[in-house]
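Asks: pasting the sequence and the predicted model now:
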Amino acid sequence: MPAVFIHLSDIHFGQEKDGGRITINDDAKEQLLQDAASEIAKLDTNATGIIVTGDIAYSAKYEEYEKAGKWLDRLAEGIGCSRLDIQMVPGNHDIDRNAITPITKFHLDAIREHGDSMLDMLLDDDVQREVLYERFAAYRDFSSGYGCALDVGGAYSADVVVTVAPERTVRFVHLNSALICSLKDDEGKLILGARQRVFTPIDGEEMVVLVHHPLNWLQDSDEAARYFKSRARVIISGHEHFPSLTIMGVEDNCDLLMLAAGATAPDDVDEKYTYKYNILTFDWDDESDALAVTINPRTWNFEMKRFERDTPFLEGRSERNVLGSPNFRKGAPPAKPILGMRDEQPQAQPVANPVTGSKEVDFSMTEDVRLVRLRFFRDIPEDGRRRILVGLNVIPADLTDRLDNTIEQRFFGKLVAQGRLGELSAAIDAAILESKSGDDE
C-alpha cells in the first residue's frame, strides 16, 4: 500500500514585490501543478497527501495564506487527494516580524542564552507563553484549518499516521523549529526544546520527522540528533533552499534518511537556486520488513521553463531507498496479502500525540467536521470568525477580549459537541458570500 506525497518547502507566498517577478513565479507554480498531476498519473494512483516543510508565506500575513490555500486546493485536486490531507510545519517566514515587541525580543534572547530552562519556564506560564505564539497568529489560523495546530505547550504536534502494510504504519511528527525565531536568526542559535526532542517509539511504526530548519541551525542539535537517530527513520527539512540527501547507518539494521528540500519558490533564481519540489513514496519492503522511501526529485529546466526529473540530485543512487527499520521488526508479523486482492488507497489519519495524550481539542474527526474546520479557520479572517461566534451566541457581542487561536479551537469544539455543525457551516457560507459581495462593489 504505497503512500505517495507531494513535498513542498519554502513556497514564500507574498515575497514578490514587482509585477514581473509575480508573473514569473506564478508561471512556475502553474507549471508545478501540471507537472505534479502528470507524474502522479504515471503511478496509476492518487496521491495520499501533501507535505509542506515551512515558509508557506513570506511575511506571515492573512492575505498570503489566503493565496496559498487556493493554490494548495488546486494542487490537491490535480493529484487526486483531499484538500484536507495537507500537513505542514512553520518556518521562519511564518512568523510576523512586526509582532516582535521589545518584550518578545527580550524573551527570545533569554531563551537563546539560557536554553531549555528558560523555554520551559515561559511555556508553563499562560501569559508569557502566548507572547511566544502571538507571532504565529496568521499561521496558527491557517494550520489549524488543516488539523496542524501548533502545540502551545511546546511539544511536537498534529501527528498523522498512514498504514503501508498490515501492522506497519508510518507516523509523521510535526516540529516547530521556528519557535524562537526573531528578526534575524544565526545558524546554530535556534532551539527545539526537550518537549519536541523526545519521541515515544511504537512497535510496528516508523517515524518521519517534518521540520523546517536542518539540525545545524539548532543549539540543541546534538541532543536532538540522538533522539532522531534512535527513534525516527526519516527527517525532512527545508530552509536552506538547496536540496541534499544523506542516509546514515545508525547501527546494524537501523538507518536514518535525511532529506533537505530545495525551495519551491526561492528568493532569487540563479544557477544554484531554482524552483524545486519532491514526490515521495513511503512503502513497506516485505523482504527486509523495512520502510522504503522512493524519491522523485523535480527541478526547474531553465531553458525549457518546465519541471523535470533532477537526475544529478540522486548522484547515481537508486531512487528507492530501503532503510533498516527496527521499530517495524518489533511489531507483530504482517499478515500475508490475499493473492489477487487489490490494495486499498492509503489514508492519512490524524491521531493523538503519544506524549501529550491528546490534541488541544478532541472532537470527532469525521470528514464533515474537518471540512468545516478548514473553512472556519483558513477561509474566514479573525474578525469574521468573531462575528460568526457572536451570531451563534457563543460569545457576547460586547466582549472586548481578543480570542487567540487556542480559545477559538475550544469554541469550535464546543459547537461540534453541541451538534451545531450545520449552523456553523451555514454561517460560514453567509460570511463568504458577504465578503464576495463586498469585493464586487
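Replies: Perfect, I can see it now. Please read these numbers as outputs of a predicted model, since none were measured by experiment.

Asks: hey, let's count contacts and neighbours off CA atoms from now on
Replies: Fine.

Asks: tell me which helix or strand M88 sits in.
Replies: strand 86-89 (DSSP states H and E).

Asks: partners of that strand, with directions?
Replies: Sheet pairing of strand 86-89 (DSSP bridges) gives strand 49-53 (parallel).

Asks: picking that back up, ok now the strand holding M88, how far from the chain's centre?
Replies: Averaging C-alpha positions (CA atoms, centre = their mean, to the nearest Å) puts strand 86-89 2 Å from its chain's average.

Asks: also stretch 234-241?
Replies: 12 Å.

Asks: mind checking the end-to-end distance for that stretch?
Replies: For stretch 234-241, the first-to-last residue distance is 19 Å (CA to CA, to the nearest Å).

Asks: in the helix or strand that comes right after the strand holding M88, what's buried?
Replies: Later in the chain than strand 86-89, the nearest helix or strand by DSSP H and E is helix 102-114. The neighbour-count check on helix 102-114 (16 or more other CA atoms under 10 Å) flags 104-105, 107-108, 111-112 as buried.

Asks: the helix or strand where D26 lies packs against which elements?
Replies: Secondary structure from DSSP H and E places D26 in helix 19-42. Based on contacts counted as 3 or more CA pairs under 8 Å, 6 or more residues apart in numbering; DSSP states H and E, the elements that helix 19-42 packs against are helix 62-79, strand 306-309.

Asks: quick check: angle from that helix to helix 62-79?
Replies: Put simply, helix 19-42 runs at 30 degrees to helix 62-79, going by axes from the mean of the first three to the mean of the last three CA atoms, to 10 degrees.

Asks: what comes into contact with helix 19-42?
Replies: Residues from elsewhere that reach helix 19-42, judged by CA atoms under 8 Å, 6 or more residues apart in numbering: 6, 16, 46-47, 74-75, 78-79, 265, 275, 279, 305-308.

Asks: could you chop the protein up by domain?
Replies: Using automatic domain parsing, the domains assigned to the chain come out as 3-350, 367-440.

Asks: just give the closest residue to I388, not the sequence neighbours.
Replies: Spatial nearest neighbour of I388, excluding adjacent residues (CA to CA, 6 or more residues apart in numbering): A427 at 6.3 Å.

Asks: can you pull the contacts of the closest residue to D404 other than its chain neighbours?
Replies: Computed as CA to CA, 6+ apart, the closest residue to D404 that is not its neighbour in sequence is A137, at 7.9 Å. Neighbouring residues of A137 by CA under 8 Å, 6+ apart: 95-96, 404-405.

Asks: ok so, going back, ok, the residue nearest to I388 - how many residues close by?
Replies: For A427, the count of nearby residues is 19 (other CA atoms under 10 Å).

Asks: which strand or helix spans it?
Replies: Per DSSP H and E: A427 is located in helix 421-440.

Asks: picking up where we left off before, now tabulate the helices and strands packed on helix 19-42 in a markdown table and tack on distance to S437.
Replies: Listed next are these as a markdown table, based on distance: least, CA to CA, whole Å:
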| stretch | distance to S437 |
| --- | --- |
| helix 62-79 | 17 |
| strand 306-309 | 37 |
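
Asks: redo these as JSON lines? Include mean pLDDT, mean neighbour count and distance to V131.
Replies: Converted to JSON lines, the helices and strands packed on helix 19-42 look like this (pLDDT from 0 to 100; neighbours: other CA atoms under 10 Å; distance: least, CA to CA, whole Å):
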{"stretch": "helix 62-79", "mean pLDDT": "97", "mean neighbour count": "18", "distance to V131": "19"}
{"stretch": "strand 306-309", "mean pLDDT": "96", "mean neighbour count": "18", "distance to V131": "42"}
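
Asks: out of the ones you listed, which comes closest to G249?
Replies: With CA to CA as the measure, strand 306-309 is the member of the helices and strands packed on helix 19-42 nearest G249 (26.8 Å).

Asks: report the distance from the very next helix or strand once past that closest one to the chain centre.
Replies: Per DSSP H and E, the first helix or strand lying C-terminal to strand 306-309 is helix 311-314. Offset of helix 311-314 from its chain centre (CA atoms, centre = their mean): 25 Å.

Asks: for this structure, which segments count as strands?
Replies: Using DSSP state E, the strands of the chain run over residues 3-8, 49-53, 86-89, 157-165, 168-174, 205-210, 232-237, 244-251, 254-260, 276-285, 290-301, 306-309, 320-323, 349-350.

Asks: could you report the neighbour count for the closest residue to E77 other than its chain neighbours?
Replies: Distances taken as CA to CA, 6+ apart place R83 nearest to E77, at 7.2 Å, with adjacent residues excluded. Using other CA under 10 Å, R83 has 19 other residues around it.

Asks: same check, this time on the one 10 residues further on
Replies: H93: 25 surrounding residues under other CA under 10 Å.

Asks: who's in contact with it?
Replies: With contact set as CA under 8 Å, 6+ apart, H93 has these partners: 12, 54-60.

Asks: cool, and Y62?
Replies: Contacts of Y62 (CA under 8 Å, 6+ apart): 138, 381.

Asks: ok, L245 next?
Replies: Counting by CA under 8 Å, 6+ apart, L245 touches 257-260, 314.
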